[in-house]
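Visitor: when you get a sec, could you give me coordinates for this:
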Amino acid sequence: MGTVSGPATCFWAKADVFINLPLKVLQASPQVARVILGALLNSVYEARGKSAGRILFLLDEVARLGYMGILETARDTGRKYGINLCLLYQSLGQLTQAWGRQGRQAWFDSAYLRIFSHIQDYEAADFLSQACGEFTAVGDSVTEGTGSSSGWDRSTSSSHRSTSQQQVARRLIKPEEVLQGMRYDEEIVLIQNAPPLRCGRAI
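Guide: Sure, this is the predicted structure:
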């Protein structure tokens, strides 16, 4: 007799599961991917945390799926079931289009890592610049001047020069530097409760 297996079998076997849908299918019938993803997530919930380990759902071209409430559920309650989500969007605009600005912020608030690379538009560059924060720089200011006075029998001249320092707030990276100063293989990683990290990409 043969054996009957379902989605839950993947989680007990410590297996890597790759689901590759052609782009044409994903564009014409995103429901196919939604059904598959929903079945896998529901299997994790039914296991009630008894899987072999933590389970990573890495979703590429996730913008093609549109809004999916089941992903919000996985984001908000999936940790106790061992679920880790990694969603790949091509742009900040895709994320905003799928979830709205408030929804986008909800994803950012719950994300441990936010990775940005190959930024092309100014809005996204400015968003990233603000997210990286500011640092305090010390600026020098030099003031120079001359003066003269004259009387009936003589004239005098004087000069003065003063230097002062002041603290100036500056962004860690400006939008223009994001657009023009980063290499193609560089990325900026925003880590929850930690300073941002600028590094090279492995691929």
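
Visitor: quick one: stretch 88-105 to chain centroid distance?
Guide: Its chain's C-alpha centre and that of stretch 88-105 lie 11 Å apart, by C-alpha atoms, centre = their mean, to the nearest Å.

Visitor: then it to PDB, C-alphas only?
Guide: These are the backbone C-alpha positions of stretch 88-105, laid out as PDB (Å, rounded to 0.1, in the frame of the first residue of the first chain):
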ATOM      1  CA  LEU A  88      10.300  40.200  -1.100                       C
ATOM      2  CA  TYR A  89       8.900  43.300  -2.800                       C
ATOM      3  CA  GLN A  90      10.500  45.000  -5.800                       C
ATOM      4  CA  SER A  91       9.700  48.500  -4.500                       C
ATOM      5  CA  LEU A  92       8.300  50.400  -1.600                       C
ATOM      6  CA  GLY A  93       5.400  51.400  -3.900                       C
ATOM      7  CA  GLN A  94       4.400  47.700  -4.400                       C
ATOM      8  CA  LEU A  95       4.200  47.300  -0.600                       C
ATOM      9  CA  THR A  96       2.100  50.400  -0.300                       C
ATOM     10  CA  GLN A  97      -0.200  49.400  -3.100                       C
ATOM     11  CA  ALA A  98      -0.900  46.000  -1.600                       C
ATOM     12  CA  TRP A  99      -1.400  47.100   2.000                       C
ATOM     13  CA  GLY A 100      -1.900  50.900   2.100                       C
ATOM     14  CA  ARG A 101       0.200  53.300   4.100                       C
ATOM     15  CA  GLN A 102      -1.200  52.200   7.500                       C
ATOM     16  CA  GLY A 103      -0.800  48.500   6.500                       C
ATOM     17  CA  ARG A 104       2.700  49.100   5.300                       C
ATOM     18  CA  GLN A 105       3.600  50.600   8.700                       C
END
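
Visitor: show the contacting residues for residue 136.
Guide: In this structure, residue 136 makes contact with 167, 168, 169, 170, judged by C-beta atoms under 8 Å, 6 or more residues apart in numbering. The way it works is simple: take the backbone N, C-alpha and C, and place the C-beta from them, glycine included.

Visitor: looks to me like residue 99 is in a helix.
Guide: Yes. Under DSSP: H, G, I helix; E, B strand; the rest coil, residue 99 sits within a helix.

Visitor: residue contacts, it?
Guide: Taking C-beta under 8 Å, 6+ apart, we find residue 99 in contact with 67, 106, 107.

Visitor: and the last one, helix, strand or coil?
Guide: In terms of secondary structure, residue 107 is helix; the call rests on three-state DSSP.

Visitor: how close does it sit to residue 62?
Guide: Residue 107 sits 11 Å away from residue 62, going by C-beta to C-beta, to the nearest Å.
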